[in-house]
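Engineer: I would like to see how this sequence folds:
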Amino acid sequence: MLDIRFIRENPDAVRENIKKKFQDAKLPLVDEVIDLDAKRRAAIAEADQLRSNRNTLSKQIGMLMGQAKKDPSKLQEAEAVKAQVKEQADRLAELEKLENELEEELHKRMLVIPQMIDDSVPLGPDDSCNVEVERFGEAKTPNFPIPYHTEIMESFDGIDLDAAGRVSGNGFYYLLGDIARLHEAVLAYGRDFMISKGFTYCIPPFMIHGNVVEGVMSQTDMDGMMYKIEGEDLYLIGTSEHSMIGRFIDQIIPGEKLPQTLTSYSPCFRKEKGAHGIEERGVYRIHQFEKQEMIVVCKPEESKDWYEKLWRYSVELFRSLDIPVRQLECCSGDLADLKVKSCDIEAWSPRQQKYFEVCSCSNLGDAQARRLRIRYKDENGKMQLCHTLNNTCVAPPRMLIAFLENNLQADGTVVIPEVLRPYMGGKDKLVPKK
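Structural biologist: As a prediction, the model looks like this:
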């Protein structure tokens, strides 16, 4: 959410930013916000004047009532002033109601106006305009056919989609045996990898209040992702970023305690509304999964550096597991409304002969901090908004797809990279049962 003063003073820049995001339908919001803000400020000014008048008139009534003891005519003057106070009190009540109504309408529109994107973001209407920046590792194609990822898992008796369908429906799964162990090994390795980078490990609440949801994501994303608990002001989180950033709501963080660098584990629950392609069957796009996340809360001048560090951590982690990856810069039309800049880390799929998303790194500037009132005092004692960033560390089972395809051998075994062996009981490979 933008600062109302910024919109008031830079309406053309805000409109240009909306155009860069190919959201022209939102252009009228700028004038609506400016108009509502002007009416709200006028109502506040008039109300403040009436409150000041009330104090003056109250003193006048007291003085007249005192004088009325000697001069009865002053009593009539006092009654006239009382009537004036009553009239102004009624008007003040109207203005206070109007203030609340205008504030609510202003807030609704402010939530929909997108964050100002970074100048370096490539322009384009959708993800087809995302730009490849760099590749890491050789994207190899083996000389043997690679089965679909669920078929690989089934060769180890490692997945049961039919039972999950009977129990929960589409978009759920049972992981079993070595595949389930590999799933947990990847999460544990990701946790320890981030701890080695100086991040603090956290396990957050998996449900959050509606005001926190509103603070961390756009309304569109909320409607398309979040599961609400019926009859309660609670939502299941779609990623631990939601509750991790929410942890700092209404907090003033001491400047010397910034940056806050956190790595959090959580299950994630997503509606995943909409139709998806054939490559998203199996366990690629699902309603429930687990994830290790990276979260940074920092001073504004540090956020660009942290953005670079975060996506590079993802590259380093995936390369340590012998998975080739590339960095893909997200274009303006592919950025969620709260994001200043974002990139995807995509893993190579030798079966599909293409890359697919496994991590998403985002700098949200002060958007979440403004909504949730996350602040710190600078060296001059002035209150400032923090910046927030997040990035996927590992998100199996999607990450498992990349792992299994890139480490599969011709005989059906799967090589366990050295860094992962301590989490797999020392095993150096998985041997299929079928």
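
Engineer: how about stretch 351-359: buried residues?
Structural biologist: Within stretch 351-359, the residues scored as buried using 16 or more other CB atoms under 10 Å are 351, 355-356, 358-359. Heads up, the C-betas are built off the backbone N, CA and C, glycines and all.

Engineer: Give me the contacts around the helix or strand bottoming out on mean pLDDT in the chain.
Structural biologist: Lowest mean confidence among the helices and strands of the chain (mean pLDDT, DSSP states H and E): helix 219-225, at a mean of 73. The contact list for helix 219-225 (CB atoms under 8 Å, 6 or more residues apart in numbering) reads 111-112, 213-214, 217, 238, 270-274, 336-337.

Engineer: how about a cut-off of 10 Å?
Structural biologist: Applying CB atoms under 10 Å, 6 or more residues apart in numbering, the contact partners of helix 219-225 are 108, 111-112, 210, 213-214, 216-218, 228, 235-239, 242, 268-274, 336-338.

Engineer: residue boundaries of the helices in the stretch 251-400 of the chain?
Structural biologist: 303-320, 367-372, 398-407 (DSSP state H, counting those that start in this stretch).

Engineer: Give the burial count for Tyr307, as a bare number.
Structural biologist: When neighbours are counted by other CB atoms under 10 Å, Tyr307 registers 22.

Engineer: show me the contacts for it.
Structural biologist: Neighbours of Tyr307 in contact, by CB under 10 Å, 6+ apart: 118, 296, 340-343, 361-363, 387, 389, 391.

Engineer: So Glu272 is in contact with Met226, correct?
Structural biologist: No. Taking CB atoms under 10 Å as the definition, Glu272 is not a contact partner of Met226, at 11.3 Å.

Engineer: Nearest to Lys304 among the buried residues of stretch 351-359?
Structural biologist: Lys304 has its nearest neighbour among the buried residues of stretch 351-359 in Cys359, at 18.5 Å by CB to CB.

Engineer: quick one: buried residues of the least confident helix or strand of the chain?
Structural biologist: Neighbour count says helix 219-225 has 222, 225 buried, by 16+ other CB under 10 Å.

Engineer: what about the stretch 1-150 of the chain, any weak spots by pLDDT?
Structural biologist: The stretch 1-150 of the chain contains residues with pLDDT under 70 at 54-85.

Engineer: quick one, strands of it?
Structural biologist: With DSSP state E, counting those that start in this stretch applied, the stretch 1-150 of the chain shows strands at 131-136, listed in chain order.

Engineer: How about the stretch 151-300 of the chain?
Structural biologist: Under DSSP E, counting those that start in this stretch, the stretch 151-300 of the chain gives strands at 159-160, 174-175, 200-202, 207-208, 227-228, 235-236, 252-253, 260-269, 288-298.

Engineer: wait, which of these is closest to Val315?
Structural biologist: Comparing the strands of the stretch 151-300 of the chain under CB to CB, the one sitting nearest is strand 288-298, at 12.8 Å.

Engineer: In that closest one, which of the residues would be classed as buried?
Structural biologist: Under the neighbour-count criterion of 16+ other CB under 10 Å, strand 288-298 has 289-298 buried.

Engineer: can you redo those as TSV with distance to Lys26?
Structural biologist: Below are the buried residues of strand 288-298 laid out as TSV (distance: CB to CB, whole Å):
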residue	distance to Lys26
Phe289	32
Glu290	35
Lys291	31
Gln292	35
Glu293	29
Met294	31
Ile295	29
Val296	29
Val297	28
Cys298	29
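
Engineer: quick one: which of those residues is nearest Lys382?
Structural biologist: For the buried residues of strand 288-298, the nearest to Lys382 is Cys298 (16.9 Å; CB to CB).

Engineer: My guess is the closest one contacts Tyr376. True?
Structural biologist: Yes. If you go by CB under 10 Å, Cys298 and Tyr376 touch, sitting 9.4 Å apart.

Engineer: Please enumerate the shared neighbours of the two.
Structural biologist: Residues touching both Cys298 and Tyr376 comprise 253, 258, 386, with contact defined as CB under 10 Å, 6+ apart.

Engineer: Test my guess that the last one contacts Phe248.
Structural biologist: What it means is Cys386. Yes. Under the criterion of CB under 10 Å, Cys386 lies in contact with Phe248, with a separation of 7.6 Å.

Engineer: In terms of neighbours, single out the busier of those two.
Structural biologist: Between Cys386 and Phe248, counted using other CB under 10 Å, the more crowded position is Cys386 (29 against 21).

Engineer: residue contacts, that one?
Structural biologist: 245, 248, 251-253, 255, 258-260, 296-300, 302-303, 365-366, 368-370, 372, 374-376.

Engineer: what's the answer for Gly171, then?
Structural biologist: By CB under 10 Å, 6+ apart, the residues touching Gly171 are 161, 164-165, 270-272, 283, 285-289.

Engineer: Please report the distance of it from Glu16.
Structural biologist: Using CB to CB, to the nearest Å, we find Gly171 at a distance of 40 Å from Glu16.

Engineer: can I get the helices of the stretch 251-400 of the chain in TSV with mean pLDDT and distance to Cys202?
Structural biologist: As requested, the helices of the stretch 251-400 of the chain are exported to TSV (pLDDT from 0 to 100; distance: least, CB to CB, whole Å):
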stretch	mean pLDDT	distance to Cys202
helix 303-320	97	16
helix 367-372	96	17
helix 398-407	94	20
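
Engineer: circling back: lowest-confidence member of the contacts of Gly171, which is it?
Structural biologist: In terms of pLDDT, the lowest of the contacts of Gly171 is Glu272, showing 74.
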